[in-house]
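Asker: coordinates only, no sequence provided:
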């Protein structure tokens, strides 16, 4: 079993839709949770960072962590074509990081 | 947010030559940096963890004599691909770890280096 599971997609939505991206994990020791956005041929860009459980909002993005279910989500409101990218979840404990395989999102104009 | 740079962004070389890639944390100090490799349409593959002032830790299957890593300062790590061959052609990405107390532990990535070996 992988430490972090993420649906690879692709996920295709119309412009303006609410997007939900998810990851599950198995290690209850994870304390730090991240979402990265990666455009083609670019390095990943840190979008959201959460410590422990709860929600965090930044503009159109909301990150949610449910440690009891070992489940994290990233919501994108009013999605734009510029949001088309691969989204990677990541989590860490004791300095070791684990990445999901990434979900490819396509927002159609 | 923290900024990590990588140089060069793209390199084309002949088979058998060595290529050095630099990774710098521009506005913070990073005791730990990571090197990743990414093939087209695939996820990140961790190659090694680089700690300032000590030897890098390589992931299983990564040849340490092939991929030389040096982390001589708190803001610079280098990856040298020695005697490069076409199968080494890939997208190489570095990242720097920020760890500010109990509430912060994350990585910031560089923009990547595309290596093409002819």
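Answerer: Structure received. Everything quoted here is computed from the prediction, not taken from an experiment.

Asker: could you point out where chain B is predicted with low confidence?
Answerer: For chain B, the stretches with pLDDT under 70 are B:1, B:101-103.

Asker: contact residues of it facing chain A?
Answerer: Within reach of chain A by CB under 8 Å from any CB of the partner chain, chain B has these residues: B:1, B:4, B:6, B:32, B:34, B:43-44, B:91, B:93, B:95, B:97, B:99, B:103-112, B:114. Where C-beta positions appear, they are placed from N, C-alpha and C, glycine not excepted.

Asker: and those residues, which are buried?
Answerer: Listed as buried from those are B:4, B:6, B:32, B:34, B:43-44, B:91, B:93, B:95, B:97, B:99, B:105-112; burial here means 16 or more other CB atoms under 10 Å in any protein chain shown.

Asker: can you point me to the longest strand in chain B?
Answerer: strand B:90-98 (DSSP state E).

Asker: swap in chain A?
Answerer: Chain A, longest strand under DSSP E: strand A:85-93.

Asker: so who does residue B:20 touch?
Answerer: Listed by CB atoms under 8 Å, 6 or more residues apart in numbering or on different chains, the contact partners of residue B:20 are B:78-80.

Asker: let's see the PyMOL selection covering just the buried ones among the residues you listed.
Answerer: Typed into PyMOL, the line below selects the buried ones among these, using 16+ other CB under 10 Å:
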select buried, chain B and resi 78+79
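
Asker: and which of the contacts of residue B:20 is nearest residue A:66?
Answerer: Lowest distance from residue A:66 to the contacts of residue B:20 (CB to CB) belongs to residue B:79, with 37.2 Å.

Asker: doesn't residue B:90 make contact with the closest one?
Answerer: No - with contact defined as CB atoms under 8 Å, residue B:79 does not count as touching residue B:90 (11.5 Å).

Asker: for chain A, what lies in contact range of chain B?
Answerer: A:31-32, A:34, A:36, A:41-46, A:49, A:51, A:88, A:90, A:92, A:95, A:97, A:99-102.

Asker: now these: which count as buried?
Answerer: Burial by neighbour count, judged by 16+ other CB under 10 Å, picks out A:31-32, A:34, A:36, A:42-46, A:49, A:88, A:90, A:92, A:97, A:99-102 from the residues of chain A next to chain B.

Asker: please report the distance of the residue nearest to residue A:98 when sequence neighbours are not counted from chain B.
Answerer: In space, and not counting its chain neighbours, residue A:98 is closest to residue A:3: 4.4 Å by CB to CB, 6 or more residues apart in numbering or on different chains. Residue A:3 sits 12 Å away from chain B when distances are taken as CB to the nearest CB, to the nearest Å.

Asker: next, count neighbours for residue A:3.
Answerer: Neighbour count of residue A:3, defined by other CB atoms under 10 Å in any protein chain shown: 15.

Asker: identify the residues contacting it.
Answerer: A:25-27, A:98.

Asker: nearest to chain B among those?
Answerer: residue A:98 (9.5 Å; CB to the nearest CB).

Asker: in terms of pLDDT, where does the closest one sit?
Answerer: Per-residue confidence (pLDDT) for residue A:98: 93.

Asker: residues contacting residue 60?
Answerer: Since you didn't name a chain, this refers to chain A. A:76-79 are the contacts of residue A:60 under CB under 8 Å, 6+ apart.
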